[in-house]
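1. Take this sequence and fold it.
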Amino acid sequence: MTELIRGFRALHFIGPCITVFGSARFHEDHPFYEQTRKAAAAFARLGFTILTGGGPGLMEAANRGAKDVGGRSVGCNIRLPVEQEPNSYLDKWVYMKQFFLRKVLLVKYSFAFVVMPGGFGTMDEYFEALTLIQTHKIKNFPVIIFGREYHKELIAYIENMKACATIGADDTNLFLVTDDIDEAVRLIKEKSIKEFGLKPVSRRKPFRWLFEKW
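-> The predicted model follows:
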């Protein structure tokens, strides 16, 4: 509980976010890194804070993309023995010991979820967000999957779920699969900014007398 409250206090003023999930194992010379960096830059231009797991790989690419265009870049890091040091493109980050607490923070401040290629952790985060939307625990925020080729077996398996009626017939409408950044931007404008009346550049200032800070 202490760790969760500490996380809430640390991230309270980061403003409306787009959370980007992705692998720590794709580095700067990989096409997925460049795609993630460009996509995050486009989302940051809309006025959103880019929120990631704060580590290397595609998390770094997303945070870097935000910084490229003068946007805000935040990480919610997890303490692990490997692969998880805060990247150098973060304006702010918090450390968490538990994955479930980290996921609470990655979901709480987000008005869209972007899924880049990744492994078990990325899939865990993707299906967590999707399940929360499906069960109406959070609003119907955009969920965008980049990487048609990488995710083709995953999408086929989700279609199999629908065919077997283990998900609803309309549940495949809860996410968009694309490699087109402009298409993703249009969806975010329609389903995040317009639908929720967001003004991403408007943020409440911290109360210094409460020891609050950005």
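2. hey, where'd the strands end up in the chain?
-> In the chain, strands defined by DSSP state E lie at 17-21, 49-52, 73-78, 92-96, 110-115, 143-146, 176-178, listed in chain order.
3. Serialize those strands to a markdown table and add fields for mean pLDDT, mean neighbour count and distance to residue 37.
-> C-beta: built from backbone N, CA, C; applies to glycine. Output for these, formatted as a markdown table (pLDDT from 0 to 100; neighbours: other Cβ atoms under 10 Å; distance: least, Cβ to Cβ, whole Å):
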| stretch | mean pLDDT | mean neighbour count | distance to residue 37 |
| --- | --- | --- | --- |
| strand 17-21 | 98 | 28 | 10 |
| strand 49-52 | 97 | 30 | 10 |
| strand 73-78 | 92 | 24 | 12 |
| strand 92-96 | 89 | 20 | 18 |
| strand 110-115 | 98 | 24 | 12 |
| strand 143-146 | 98 | 23 | 12 |
| strand 176-178 | 98 | 17 | 17 |
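4. Between those strands, which one is closest to residue 188.
-> strand 110-115 (5.1 Å; Cβ to Cβ).
5. Tell me what angle the closest one forms with strand 17-21.
-> Between the axes of strand 110-115 and strand 17-21, defined by axes from the mean of the first three to the mean of the last three Cα atoms, to 10 degrees, the angle is 20 degrees.
6. Show me what strand 110-115 pairs with in its sheet, parallel or antiparallel.
-> Partners of strand 110-115 in the sheet, by DSSP bridges, are strand 17-21 (parallel), strand 143-146 (parallel).
7. How far off centre is that strand?
-> From the chain centre to the centre of strand 110-115 is a distance of 4 Å (Cα atoms, centre = their mean, to the nearest Å).
8. sorry, back to before: would you turn the strands paired with strand 110-115 into a markdown table with distance to residue 46?
-> Formatted as a markdown table, these follow (distance: least, Cβ to Cβ, whole Å):
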| stretch | distance to residue 46 |
| --- | --- |
| strand 17-21 | 8 |
| strand 143-146 | 13 |
